[in-house]
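sequence and predicted model, in that order:
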Amino acid sequence: MTVKESFVSSSKKGTLWRRIVRSRIAYAFIAPAMLVMLLVHIIPTVQAVYISFLNLTAETYLDWLHAPFVGLQHYRQILKGLIFGGGDALIKGLAQALVNSAYFLLYVQIGTTVLGMVLALLLNRDFRGRGLARTLVLLPWVVPTFVVGIIFQFVWLQRGGLANRILVDWLHVTDKPISWLIGPNSRMALIIPAIWRGIPFTTVQYLATLQVIPKDLYEAAAMDGANAWQKFRYIAIPFLTPILVVTNMFGLIFNFFGFGPYNIAVTLFSSDNLGRYNNLLSIAIVRQTFNNQLYGYGAAASVLMMLVALLAVGIWYRLFRSGLISD
Amino acid sequence: MSKPMPVVVGPVIALSLVFTACAAPTPGVIKETVEVPVEVEKEVEVPVEVPVEVEVTAPPPELTGDITIWVMPNGADPQAAIDAEIAEFNKLYPNVNVTAEIVGWGDAFGAIQTAAQGGEGPCVTQMGTTWVPTFGTMGGLHTFTAAEIEALGGEDAFIEASYATAKIFNNVVAVPWFADVRAILYREDVFEAAGVDTATAFEDLDSFEAALQAVADSDQDIAPFVHPGRNDWNVWQNATQWGWAYGGEILNEDGTEAAFNSAEFVAGVTAFDQLYGKGLTADNTLELNSSQTDAEFGQGRAASMMSGPWMISNLRDLEGSGYEQMVADNTTIAHFPAGPNGDKYTFFGGSNLGIMQTCDEYDAAFALVKFLLSKESQIRYGNAIGMLPVTFEAQGDPIFVDDPLFSVFIAAAPTGKSSPNIPRWGAVENTLNSALQVLWEDVAAVSGPIDEATVQAALDDAAETVNTILSQ
């Protein structure tokens, strides 16, 4: 080794340490957050991954991490059922939940994006009472998801519910009250509250973006004879693209993998057994894990869900990476 | 530019594993059983009227300590009801500081599960009778010794069906606290106006259905029957009463295989599920939960329902419940009707009390449990929350046996049946509930009564899942 090579090698070894020392104040500032992340995110995640390799059930619950090690058995069981169908009876609920979650995600994403955009465009205009309107739009956001379920239970009640009062008594759309809380309509009975709860988030994001678009761009477009649609398409959309990408990614995580829908559903339907239309993925995993006391099996399903979420976010990021950078 | 992330991630993961390993409790460590000295016998005078005053002739042993009890939302005012008991307990044990925390039914199972695992928890906890096998199997609960059972009055002091819910593997892990027996509540005036002889109408399920049909045909603008459908927490309890009446069982005798897909059980569930299609129930019955069902009956929109003793306080406190005076004046209670072979059963549930192994103040916790099982506390608390006492002594009090409504529930208790006491009951219950809830969706989807083949297919499917779970 030459003197030069030796110098380069030793300097490389010291690079990270020197960088840490040089940025020690910055590291000191992020240390508490890192510690909290370690405690509340990383340790439980590592623990969940480990539990997914254990036969942790009601009988072995107190053994906790010393429960019998079964390796990849739970993963094999789940993947075999999902990929080849049939198989273990335990998997049936998960396969159905996967399809229901896809439906739920599609409707809620379209609903929150389209309605959030419409509201943002309306609230971006000058009109009397705009401040009050903006505040009112935020209201669903401050309602806890459990309470959203209770509120909408009163909306959907077959007898005396607000929805049937409007449809039957006021609009006379139908003579017979519609059953919302059971049967095929119950799918919409969960999707609509989820959209209602999600709209403020998208509205605020889109409105904030619309407000930073320079007015002279619209003025120049008007002078060139652009109509409203052309202004929206060629001025607003390029500015909105990064935030559309981000809000939809959050929506994917929250509505497909998250527990927000679970919180709404259990109070809306007074049960966590939600039948064939609303048995979502997160709900099915909670039931398998805690109601069936198959903790190892549930942990494996959760880890698989986490990996799918990471994959989905990765693909999403690859597809829309350019859109995240605003000029 | 170099990327330091992997360098950081390695130690973080390693540290996580260390923390994870440290978090694991030592397996198989069981807290040493504490022998509790038998307390000085006390004379208790129980007046007929509640509230009951306790007259203590000899002071009990001096106890100190801070303990917490978790109770679920029992009765209309759960906090007041348990605080009243704690106040009475503190007259006996002034140096024991008891904190009562109300834990919602939805959260309680998970919270007790965490506490059993060594997490933050109470010394004493209420739990639904059907939860006892699960928590007993997990091992976080203290096992009551024979001497302790004797100190609580002995096995013979308890109603048999209640005491049966206390055990798993012959260990008593959660002693009965209060009981819930189901019966049929009906409007005497509506059935009589329909020309029904109420003395015989509730003898068996055929006569019951004929009576409902008579009410439906009588054009009285009231639904003959209302019951909770899919969106409820009593799904299997309701359907199983029909299954039992028809001679079916939930599991086989040794609890190793599903039996709820037997011809008898399926016939029973089909008979129940067909009431909606036959037009004998309220139009909205399939979407209602138990509370909403109670309200439908209480507000005069249904002529009969299945419910429990809590309805008595609702019918007597019209201001609090919002029920109609006409309903209160005309409600009568009948035992659950017999099945085709004369089998007569009703669901028997309620709640038990367990002491967590992590409790540091065991003597005080046991003293509290013992107090809550005393005759005076059983009567007072049962009245406050609208549930039945679990001891013969308290159930035999004139407050209950001379009451025209309570007495029917007490008389029905011997026909009470509960869930099988097996470690995996929670999983069986969950699977059975799921199948029955999907069946309610099928009931809603078809015009006319649902056919038996659909019920059979749904329960066969659930039986396969249950058998998989039980075989693991």
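Structure received.

which parts of the stretch 301-450 of chain B sit against chain A?
B:423-424, B:426-427, B:429-431, B:433-434, B:437-438, B:440-441, B:444-445 (CB under 8 Å from any CB of the partner chain). In short, each C-beta sits where N, CA and C put it, glycine included.

restricted to buried residues, select those in ChimeraX.
A single ChimeraX command selects the buried members of these (16 or more other CB atoms under 10 Å in any protein chain shown):
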select /B:423,424,426,427,429,430,431,433,434,437,438,440,441,444
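
where does pLDDT dip in the chain?
In the absence of a named chain, this looks at chain A. The model of chain A has pLDDT under 70 over residues A:1-14, A:85-89, A:323-327.

wait, chain B
Applying pLDDT under 70 to chain B picks out residues B:1-61.

any idea where the strands of it begin and end?
Shown for chain B, the strands assigned by DSSP state E span residues B:65-71, B:96-102, B:124-128, B:167-168, B:171-172, B:175-181, B:183-187, B:304-307, B:331-334, B:346-355, B:388-389, B:416-417.

hmm, who's touching the fifth one?
Applying CB atoms under 8 Å, 6 or more residues apart in numbering or on different chains, the contact partners of strand B:171-172 are B:136, B:143-144, B:149, B:166.

redo that, cut-off 6 Å
B:143-144, B:166 (CB atoms under 6 Å, 6 or more residues apart in numbering or on different chains).

now swap in the last one and tell me
When contacts are taken as CB under 6 Å, 6+ apart, the neighbours of strand B:416-417 outside the stretch itself are B:161, B:181, B:244, B:345-346, B:348.

nearest residue to residue B:69 other than its sequence neighbours?
residue B:124 (4.3 Å; CB to CB, 6 or more residues apart in numbering or on different chains).

tally of neighbours for the one you found?
26 (other CB atoms under 10 Å in any protein chain shown).

equivalent analysis for residue A:280, please.
Neighbours around residue A:280, by other CB under 10 Å: 27.

and what of residue B:78?
Residue B:78 has 17 neighbours, counted by other CB under 10 Å.

check contacts around the residue nearest to it when sequence neighbours are not counted.
Distances taken as CB to CB, 6+ apart place residue B:102 nearest to residue B:78, at 5.1 Å, with adjacent residues excluded. Residue B:102 makes contact with B:73, B:78-79, according to CB under 6 Å, 6+ apart.

where's residue B:102 relative to residue B:435, distance?
Remark: distance between residue B:102 and residue B:435 (CB to CB, to the nearest Å) = 32 Å.

for residue B:82, same thing?
The gap separating residue B:82 from residue B:435 is 36 Å, by CB to CB.

report the contact partners of residue B:174.
Counting by CB under 6 Å, 6+ apart, residue B:174 makes contact with B:127, B:132, B:166, B:352, B:354.

quick one: which of those residues is most hemmed in?
That'd be residue B:354 among the contacts of residue B:174, by other CB under 10 Å, with 32 neighbours.

picking up where we left off before, now render the strands of chain B as a markdown table, adding distance to residue A:96.
What follows is the strands of chain B, written out as a markdown table (distance: least, CB to CB, whole Å):
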| stretch | distance to residue A:96 |
| --- | --- |
| strand B:65-71 | 35 |
| strand B:96-102 | 35 |
| strand B:124-128 | 28 |
| strand B:167-168 | 32 |
| strand B:171-172 | 38 |
| strand B:175-181 | 33 |
| strand B:183-187 | 36 |
| strand B:304-307 | 30 |
| strand B:331-334 | 40 |
| strand B:346-355 | 29 |
| strand B:388-389 | 40 |
| strand B:416-417 | 32 |
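
residue A:217: which of the ones you listed is closest?
strand B:96-102 (58.1 Å; CB to CB).

give the buried residues for the closest one.
Judged by neighbour count using 16+ other CB under 10 Å, the buried positions of strand B:96-102 are B:96, B:98, B:100.

paired strands for that strand, with orientation please.
For strand B:96-102, the paired strands and their directions (DSSP bridges) are strand B:65-71 (parallel).

what is the orientation angle of the partner strand with strand B:346-355?
160 degrees (axes from the mean of the first three to the mean of the last three CA atoms, to 10 degrees).

contacts only, for the spatially closest residue to residue B:213 that is not a sequence neighbour.
Counting by CB to CB, 6+ apart, residue B:280 is the residue found nearest to residue B:213 once chain neighbours are left out, at 6.5 Å. Residue B:280 sits next to B:212, B:216, B:224-225 when contact means CB under 6 Å, 6+ apart.

CA atoms only for stretch A:300-311 - export them in CSV, please.
C-alpha atoms of stretch A:300-311 as CSV (Å, rounded to 0.1, in the frame of the first residue of the first chain):
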residue,chain,number,x,y,z
ALA,A,300,-47.2,-12.4,9.4
ALA,A,301,-50.2,-11.0,7.6
SER,A,302,-49.3,-7.5,9.0
VAL,A,303,-45.7,-7.9,7.8
LEU,A,304,-46.8,-8.9,4.4
MET,A,305,-49.1,-5.9,4.3
MET,A,306,-46.3,-3.7,5.3
LEU,A,307,-44.1,-5.1,2.5
VAL,A,308,-46.9,-4.6,0.0
ALA,A,309,-47.3,-1.0,1.2
LEU,A,310,-43.5,-0.4,0.9
LEU,A,311,-43.7,-1.9,-2.6
